[in-house]
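>>> Fold the following for me, if possible:
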Amino acid sequence: MSQLLRFKDLQLRQIVRSWPQLRRMICDYDFPSGMLLGPNTRAWREEDIEEWLASRPSAPKPDPRRKKTENTAAEI
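Here you go, the predicted model:
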């Protein structure tokens, strides 16, 4: 049986920082919307979160300290 995660659990796992960020992730990045357990209580199945995380791109972020080369600037 899958464990249910509350918003605080998502914060502890460093998946989200705030409710507005979570709303953007649901609307723009197909993050699971979870389920309502009560009028003010939302929870997510752990396996849904794990599947979403596994589907995310894993390319490294560009290093902002690295200078652009002439070739890169010419391509833009």
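>>> Pull the number of nearby residues for Asp48.
16 (other C-beta atoms under 10 Å). (Each C-beta comes from the backbone N, C-alpha and C, glycine too.)
>>> what residue lies at the spatial centre of the protein?
Nearest to the geometric centre of the chain sits Ile15, at 5.4 Å (C-alpha atoms, centre = their mean).
>>> Helix, strand or coil: sort out that residue for me.
What DSSP: H, G, I helix; E, B strand; the rest coil gives for Ile15 is coil.
>>> Could you find the closest non-adjacent residue to it?
Ile49 (6.9 Å; C-beta to C-beta, 6 or more residues apart in numbering).
>>> does the one you found belong to a helix or a strand, and which?
Ile49 belongs to helix 46-55 when assigned by DSSP states H and E.
>>> Sort out which residues of that helix are buried, please.
48-49, 52 (16 or more other C-beta atoms under 10 Å).
>>> now swap in stretch 58-69 and tell me
Quick answer for stretch 58-69: no buried residues (16+ other C-beta under 10 Å).
>>> Pro20: neighbouring residues, count only.
Using other C-beta under 10 Å: Pro20 sits among 9 other residues.
>>> Please report how far it lies from Ser58.
25 Å (C-beta to C-beta, to the nearest Å).
>>> before we move on, what about Glu51?
Glu51 is 15 Å from Ser58, by C-beta to C-beta.
>>> Strands along the protein, start to end?
Assigned by DSSP state E, the strands in the chain fall at 4-5, 35-38, 41-45.
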